[in-house]
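In: Sequence isn't available, so here's the structure alone:
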């Protein structure tokens, strides 16, 4: 009895996600769906990225959270346009929520739209929100077994940011083990070890963003 | 259209959860539903607890994971009876999965049954699995804002274990802020700062387990 219901929800999501993808294509906006466990550092990474690249790109953010508008306030403090979605208990964003948010925003001249999903390694991976790419952040404090234990989200992502590398001396995390498993799920995945706190490794992430913005403009 | 479906699933879950709760009462087993984000340290905490208390209690474990039986193998290495449930993409355990597992286990003489849920701060909180108490583990590497951002799971839990306190010197985490917010959601919550890695603080957690096992035996 459950299967047809789930299929209908997923199908309805795909239809609206395709609409969103067309909007992003027409406007030549690079749209990224940021996903991770709670506390892996999505918002801190965004704050830093928005601040460091603000003279290069016009960026906007959709924040997805179960409750509170704390994250939208944090990223808005960098000067970027930010809109909060509260899912009221829901464990992921879906395309209809994002379409509603997009319709409320001013996307004129925006180069990059970051869509920060609800903190969750399971549900968000199943729901496209019209993004160009999914980007998953794994904190080294979470353990190097996570790609193996939560394979779908890593299989679906173009980028894996291994965040909080400043904690590597204090935790048991084998970068190679995590990277090899992610690559076994997904040959195309780009892996950037970073610390959103200290700034270590962020240049490679920024170069990837520059490259993808340029690609999108030339489509 | 979605609301009645969700209600039916939740209601069916409650009916089976009550059955499970009766089984645990008849057998005087303390049943604990362990929940956290991925990588907060549920399995490491369990390994340590099972090893440290193995001469005091007979303990068994149900492991819930999206994929792999790594965690069941880890806890079985301590000598405890362990059974793995794979949810194949599902973001939480439900009572029918746990009933099926319980029917396969030998619960004769078991004092404590640990039910380790899927790593997720959202979905598991909505589905009782017949437990006496929910126990939520928050790693200090995740940030002290998590009780505010994911309130349901902390409101529903009798215990919050603040794990990885060995990382406190290297992360921004205010124990008081996290504790105060959890208490504002839930006056009865017991809070134990611990490190499953170094053993710091575990005595208070063990004392709580001893007290609750004794209570359950006297019911």
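Out: Structure received. Please read these numbers as outputs of a predicted model, since none were measured by experiment.

In: How about the residues of chain A by chain B?
Out: Contact residues (CB under 8 Å from any CB of the partner chain) of chain A with chain B: A:2, A:5, A:9, A:37-40, A:65-68, A:70, A:89-91, A:118-123, A:126, A:139, A:141-143, A:145-146, A:148-152, A:164, A:166-167, A:170-171. Heads up, the C-betas are built off the backbone N, CA and C, glycines and all.

In: Quick check on the residues you listed: which are buried?
Out: Buried subset of those (neighbour count, 16 or more other CB atoms under 10 Å in any protein chain shown): A:37-40, A:65-66, A:68, A:90-91, A:118-123, A:126, A:139, A:141-143, A:145-146, A:148-152, A:164, A:166-167, A:170-171.

In: Tell me which of those residues fall in helices.
Out: A:146, A:148-149, A:151-152 (DSSP state H).

In: By residue count, what's the longest helix in chain A?
Out: Longest helix in chain A, counting by DSSP H: helix A:2-26.

In: who does that one touch, helix- and strand-wise?
Out: strand A:30-36, helix A:95-104, helix B:2-26 (3 or more CB pairs under 8 Å, 6 or more residues apart in numbering or on different chains; DSSP states H and E).

In: and if we set it to 6 Å?
Out: Applying 3 or more CB pairs under 6 Å, 6 or more residues apart in numbering or on different chains; DSSP states H and E, one finds that helix A:2-26 contacts helix A:95-104.

In: Give me the residue ranges of chain A where confidence is low.
Out: Along chain A, the parts satisfying pLDDT under 70 run over A:1-7.

In: any idea which element residue A:115 lies in?
Out: strand A:112-116 (DSSP states H and E).

In: Near residue A:27, how many other residues are there?
Out: Using other CB atoms under 10 Å in any protein chain shown, the number of residues around residue A:27 comes to 16.

In: likewise residue A:76?
Out: A count of nearby residues for residue A:76, using other CB under 10 Å, gives 17.

In: And for residue A:138?
Out: Neighbour tally, residue A:138, other CB under 10 Å: 31.

In: so what's it bridging to?
Out: Beta-bridge pairing of residue A:138 under DSSP bridges involves residue A:162.

In: any idea how far residue B:198 is from it?
Out: Relative to residue B:198, residue A:138 is positioned 23 Å away (CB to CB, to the nearest Å).

In: What about the buried ones among the residues of chain A next to chain B, which are in strands?
Out: A:65, A:139 (DSSP state E).

In: Can you tell me how far the residue positioned nearest the centre of chain A is from residue B:115?
Out: By CA atoms, centre = their mean, chain A has its centre lying nearest to residue A:34, at 0.8 Å. Applying CB to CB, the value for residue A:34 to residue B:115 is 31 Å.

In: From the opening residue of stretch A:112-124 to its closing one, how far?
Out: End-to-end distance for stretch A:112-124: 20 Å, by CA to CA, to the nearest Å.

In: That should have said stretch A:52-69, apologies.
Out: End to end - CA to CA - stretch A:52-69 spans 23 Å.

In: One more: stretch A:112-130?
Out: 13 Å.

In: Pull the residues that contact it.
Out: Outside stretch A:112-130, the residues that touch it by CB atoms under 6 Å, 6 or more residues apart in numbering or on different chains are A:13, A:17, A:20-21, A:29-35, A:37-38, A:42, A:46, A:57, A:59-64, A:87, A:91-95, A:98, A:150, A:152-153, A:156, B:38, B:91, B:120, B:122.

In: Flag every buried residue along the longest helix of chain A.
Out: Buried-residue list, helix A:2-26, by 16+ other CB under 10 Å: A:13, A:16-17, A:20-21, A:23-24.

In: before we move on, what about stretch A:80-94?
Out: Those would be A:80-87, A:90-94, for stretch A:80-94 by 16+ other CB under 10 Å.

In: Once you drop chain neighbours, what's closest to the residue nearest to the centre of chain A?
Out: Take residue A:34 and drop its neighbours on the chain: the residue closest to it by CB to CB, 6 or more residues apart in numbering or on different chains is residue A:116, 4.8 Å away.

In: residues in contact with residue A:80?
Out: Here residue A:80 is in contact with A:50, A:59, A:61 (criterion: CB under 6 Å, 6+ apart).

In: Kindly report the same for residue A:91.
Out: So residue A:91 contacts A:118, A:120, A:123, B:91, B:122-123 (CB under 6 Å, 6+ apart).
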